[in-house]
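> Fold the following and give me the result.
(4 chains)
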There are 2 protein chains.
Amino acid sequence: MAGMNDLDPLIHSQLRLSIMSLLISVQSADFVYIKEKTGATAGNLSVQIDKLSSANYIEVIKSFKGKKPLTTCKITKVGITAFENYVNQMQQYLKP
Amino acid sequence: MAGMNDLDPLIHSQLRLSIMSLLISVQSADFVYIKEKTGATAGNLSVQIDKLSSANYIEVIKSFKGKKPLTTCKITKVGITAFENYVNQMQQYLKP
DNA sequence: TAAATTTGGTTTATAATATAAACTACTTTA
DNA sequence: TAAAGTAGTTTATATTATAAACCAAATTTA
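Okay, here's the model as predicted:
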């Protein structure tokens, strides 16, 4: 509770936190995998991936797996830093 | 990332998390004190205290200090449990 | 002592955010 | 070839957070 810095709102949303939490521990993950892991709807996931991508927290690579579209996500250096900051900030709330 | 349980939305909001985090470590705190510590506006604080109170996460006691109204907040047992659950859940996101 | 300001809030309106539903484009299967 | 499935995006709506406006009483200031 000392500093009480604001939590990065871009990471703080339930779904975006799940996405970042997942991507921090893997090389990359595709749309369907993230969807399954997080339990998000496709629409919501699409929107939140866009936001993280716009902030340059993640990189989105669009390709094809055979004839099906494949959206692959990777966390960026900026994203890693932002997530680490979020973790530190959040810890202050959890153990006051 | 294993279970990926949902975070209690009642606690997850930035300001309500701040309130709960503050109240978990003190006997009680009054409106003005919470307002200063969290940096919230009075309006927002009033609304969020109501929500936590409605969920029985905190107890709100209205009295007077001299001639001025005094709103005192205390975390309840329900609130303590909810906060502890939130902490455990959040930890899974922070260290995947 | 009357007017202005401060205190301690609540209520209401608006902005931001999350979510769901509908839609697109293409592919596979019956 | 019609129906169903895959992999998403777009748009509309519900939820949530925030700010602005307001209120009543007390206090300060001119």
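
> before we move on, which element is residue A:34 in?
Counting by DSSP states H and E, the element that carries residue A:34 is helix A:31-38.

> in that helix, what's buried?
Within helix A:31-38, the residues scored as buried using 16 or more other Cβ atoms under 10 Å in any protein chain shown are A:31, A:34-35, A:37-38. Placement of C-beta: from N, CA and C, glycine included.

> Now the residue nearest in space to the middle of chain A. Its backbone dihedrals?
Geometric centre of chain A, nearest residue: residue A:20, 2.6 Å, by Cα atoms, centre = their mean. Dihedral angles of residue A:20 (phi, psi; degrees, to the nearest 10) stand at phi -60, psi -40.

> cool, and residue A:13?
The phi and psi torsions at residue A:13 (degrees, to the nearest 10) take the values phi -60, psi 140.

> What is the burial count for the residue nearest to residue A:53 when sequence neighbours are not counted?
Taking Cβ to Cβ, 6 or more residues apart in numbering or on different chains, and ignoring the residues beside it in sequence, residue A:53 has residue A:60 as its nearest neighbour in space, at 4.8 Å. Summarising burial for residue A:60: neighbours were counted as other Cβ atoms under 10 Å in any protein chain shown, giving 14.

> pretty sure residue A:60 belongs to a helix, no?
No: counting by DSSP: H, G, I helix; E, B strand; the rest coil, residue A:60 falls outside a helix, being strand.

> is it in a bridge, and if so with what?
Counting by DSSP bridges, residue A:60 forms beta bridges with residue A:73.

> And the helices in chain A, which stretches?
Here chain A has its helices, by DSSP state H, at A:9-12, A:14-23, A:31-38, A:42-54, A:77-94.

> Mean pLDDT added to these, as JSON lines?
JSON lines is the format used below for the helices of chain A (pLDDT from 0 to 100):
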{"stretch": "helix A:9-12", "mean pLDDT": "91"}
{"stretch": "helix A:14-23", "mean pLDDT": "94"}
{"stretch": "helix A:31-38", "mean pLDDT": "93"}
{"stretch": "helix A:42-54", "mean pLDDT": "92"}
{"stretch": "helix A:77-94", "mean pLDDT": "94"}
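
> and of the buried residues of helix A:31-38, the nearest to residue A:45?
residue A:35 (5.4 Å; Cβ to Cβ).
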